[in-house]
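Enquirer: Got a sequence here, can you build the structure:
(chains A and B)
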Amino acid sequence: MINFLLKRVATGIVLIYVVLTLIFLMLHAVPGDPAMQLLAGDGAAQVTPAALEAARERLGLNAPLPVQYWNYLAGAVQLDLGTSFQDGAPVLDLVSERLPNTLELVLLAVLIALAVGIPLGSVAARRGGFVDSAISVGTSIGMSVPVYVVGALFVLLFALKLGWFPAGGYEEAGGNFVGHVSRVVLPAAALSFGIASIIARMTRSAILDNYRQDWVRTARSWGIGRRLVFRKHVLRNSLTPVATVTALQIGTLLGSTVLVERIFNWPGISALLVDSVIERDYPVVQGIVIILSAIFIFINILVDVLYGYLDPRARVS
Amino acid sequence: MSTTIVQKSPKKVTVSAALKRAFTPVRLAAAVMVLVFILVMILAPLIAPADPLEQNIAMRFAPLGTPGYLLGADELGRDVLSRVIFGIRTELLVALSATLVAMVIGTVLGLVAGYFGGIIETLSMRGVDVILAFPPIIIALLATTLYGPGPGTLIAVMGVLFIPAFARIVYGQTLSVGRAEFVEASEVFGARVFVRLFRVILPNVIAPVFVQFSLTMATAILLESGLSYLGLGIVPPAPSLGTMVAEGQRYMSTEPAALLVPGTIVSLTILGFSLLGDALRDWLDPRR
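Expert: Here you go, the predicted structure:
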């Protein structure tokens, strides 16, 4: 197990290094002068030579390429992600201020998705027939409606029409706890919509698989009630694949926050990313992409390790 | 002569039975829907009743069913039906191009890696792992910052991002088929490498690629429309469904149709391709 763990962590470090290198290459693959492209965009806006020179200086573009590469890697390792073009604030400060908000959203979305998805999948598997078909159609739709449409519909329905929740924004949890909760529920629910459908489908097929096993018939023949067999044996065995699928979806959720935070005005790292893309604030964009990619890789390692722990066969390959 | 007929007929029955099982009524409807969307993509300039960019402020927010404005008009009085038709065209053209790029590169990578093994295998399959290490929408945003928004950037980024799915499937299939007797036979007969890869192995590994193609189309539309929604994909005023949702959202409290019409259409395109993918998978792989 230790060997397996070390191997996965080593792979993760190599991956992060490769990701860093690719991001560096993407900046330098910009046709012409990257500083010019970032300042002017597609339009032929007037860029003063002084501004251009300042941007080149800040991006470190004046040093020879190997030196730039080295400085960039050294900076990333020390978590020195540069400073924002907009206000000169260190990117790391901006990120660490915003990241907890995004993680809160993602975590709550996962909890909602599990709380909705597992019962839905169980009902579909146990009832069968019309209920099963209805849930199957429902989850297909749940997986197909884009998260930004779900978010907009939630705002329309639950905030504007019914007035149950505020349409968006943020309140400190310490200052106004009720206000905080009422503002996080709607975006988290919108975020959980797709993954809840995936969890429901996985739960359903895992339960059906387990019901075909011999030990279910044996347990029933011992006179153990249907409900008890389901709760103590079938459901419990079905949760392993559900856990894996859920963990694998967290990366997707992290990506979807880009849309959800924008709709609900949630001050997370992804909203900052979109704003920075629009403002062409390259150091902030680059820093956030590095951090989110690292989190993404870390989650994938965690899933592998979790899986290796639950199923010893997975450790071999 | 009679023996061939006896041998053929039971096979025909199983094929149609498998088709029937895979294409449930709902999935059949999805397949028809995909067909319609593709026809709309091709015929958009012919079937659109009006210019999608033409403004007529007098018709601002004309309701659904207004003569000449079947799906109503938007905040600038542009015909929503025409905008939806051209939006579908853009959406599908971008998704189709990106998916084709990914399919061609991924299939070749998978074939070569699976057949030759060794250093080629290590390089290409590890390369694929690296692509999977990036969260797709995040990397698309990085590319947009650097290269500017627009269909070109979208196709290039998604074309790369979706390579892994194809490469892994073809790689796995090639590993199992590559050492089959008919492949060895082709080697013995002196078939060139190119012929062996593309004429002998490829036809035997291609079925799951079609399944993946349909599923990837759904993912591509989702990603592309999401970026357009943010204003960083297809740039307005060019009609795109994602942009229409974003514009409709601004007026949704008084004009819900402005949000609901494009939102429903974009969901239907995604639903259509993913259900078609499910049907193809069940049809081509009866074990599931």
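Enquirer: Spatially central residue in the chain, please.
Expert: Using chain A. A:Leu254 (1.5 Å; Cα atoms, centre = their mean).
Enquirer: ah, no, chain B please
Expert: Most central in chain B (Cα atoms, centre = their mean) works out to B:Met217, at 1.5 Å.
Enquirer: quick one: average pLDDT of stretch A:276-285?
Expert: With pLDDT averaged residue by residue, stretch A:276-285 scores 83.
Enquirer: so how many other residues sit close to whatever residue of the stretch 201-317 of chain A ends up closest to chain B?
Expert: Nearest to chain B in the stretch 201-317 of chain A, going by Cβ to the nearest Cβ, is A:Gly255, at a distance of 4.2 Å. The way it works is simple: take the backbone N, C-alpha and C, and place the C-beta from them, glycine included. Neighbour count for A:Gly255, taken as other Cβ atoms under 10 Å in any protein chain shown: 23.
Enquirer: surely it meets B:Pro135?
Expert: Yes - between A:Gly255 and B:Pro135 there is a contact at 4.7 Å, judged by Cβ atoms under 8 Å.
Enquirer: Give the next helix or strand downstream of the helix or strand A:Val137 falls within.
Expert: Element membership of A:Val137, judged by DSSP states H and E, is helix A:129-144. Note on helix A:129-144: by DSSP H and E, the next helix or strand toward the C-terminus is helix A:147-154.
Enquirer: quick one: buried residues of the next helix or strand after that following helix?
Expert: Counting by DSSP H and E, the next helix or strand C-terminal to helix A:147-154 is helix A:177-211. Neighbour-count burial for helix A:177-211 flags A:180, A:183-208, A:210-211 (criterion: 16 or more other Cβ atoms under 10 Å in any protein chain shown).
Enquirer: in the stretch 101-250 of chain B, what residue is nearest chain A?
Expert: Closest point on the stretch 101-250 of chain B to chain A, by Cβ to the nearest Cβ, is B:Ile137, at 4.2 Å.
Enquirer: Now do the same for that residue: its pLDDT.
Expert: 87.
Enquirer: what about it, which SS state?
Expert: helix (DSSP: H, G, I helix; E, B strand; the rest coil).
Enquirer: so what's it up against?
Expert: A:255-256, A:258, B:223, B:226-227 (Cβ atoms under 8 Å, 6 or more residues apart in numbering or on different chains).
Enquirer: What about A:Ala29, how many residues nearby?
Expert: 12.
Enquirer: quick one: contacts for it?
Expert: Per Cβ under 8 Å, 6+ apart, neighbours of A:Ala29: B:Leu146.
Enquirer: Check it and give its pLDDT.
Expert: 76.
Enquirer: Got the phi and psi for it?
Expert: phi -90, psi 0 (degrees, to the nearest 10).
Enquirer: Chain A contacts on the stretch 1-150 of chain B?
Expert: Contact residues, the stretch 1-150 of chain B versus chain A (Cβ under 8 Å from any Cβ of the partner chain): B:26, B:129-130, B:133-139, B:141-148.
Enquirer: Which of those are buried? Put it as a PyMOL command.
Expert: Here is the PyMOL command that selects the buried residues among the residues of the stretch 1-150 of chain B next to chain A (16+ other Cβ under 10 Å):
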select buried, chain B and resi 133+134+135+136+137+138+139+141+142+143+144+145+146+147+148
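Enquirer: from the residues of the stretch 1-150 of chain B next to chain A, which ones fall inside strands?
Expert: Under the assignment DSSP state E, these contribute nothing to strands.
Enquirer: on that earlier part again, using a markdown table, please lay out the contacts of B:Ile137 together with secondary structure and pLDDT.
Expert: Below are these laid out as a markdown table (DSSP: H, G, I helix; E, B strand; the rest coil; pLDDT from 0 to 100):
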| residue | secondary structure | pLDDT |
| --- | --- | --- |
| A:Gly255 | helix | 87 |
| A:Ser256 | helix | 90 |
| A:Val258 | helix | 90 |
| B:Leu223 | helix | 91 |
| B:Gly226 | helix | 91 |
| B:Leu227 | helix | 90 |
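Enquirer: Name the pair among the residues you listed with the greatest separation in space.
Expert: Using Cβ to Cβ, the pair of the contacts of B:Ile137 lying farthest apart is A:Ser256 and B:Leu227, separated by 12.5 Å.
Enquirer: shaky segments in the stretch 1-150 of chain A?
Expert: Within the stretch 1-150 of chain A, the stretches with pLDDT under 70 are A:32-33, A:37, A:40-46.
Enquirer: How about the contacts made by B:Tyr251?
Expert: B:Tyr251 neighbours (Cβ under 8 Å, 6+ apart): B:61, B:75, B:258-259.
Enquirer: Okay, the residue of the stretch 101-250 of chain B closest to chain A and A:Val245: tell me how far apart.
Expert: 20 Å (Cβ to Cβ, to the nearest Å).
Enquirer: what does B:Thr99 give?
Expert: Taking Cβ to Cβ, one finds B:Thr99 at 24 Å from A:Val245.
Enquirer: out of those two, which sits in the busier spot?
Expert: Neighbour tally, B:Thr99 and A:Val245, criterion other Cβ under 10 Å: the higher count belongs to B:Thr99, 28 against 18.
Enquirer: and that one, what element?
Expert: Following DSSP H and E, the helix or strand that holds B:Thr99 is helix B:80-116.
Enquirer: quick revisit: give me the element the residue nearest to the centre of chain B is part of.
Expert: helix B:207-229.
Enquirer: Any buried residues in that helix, and which?
Expert: For helix B:207-229, using 16+ other Cβ under 10 Å, the buried residues are B:207-229.
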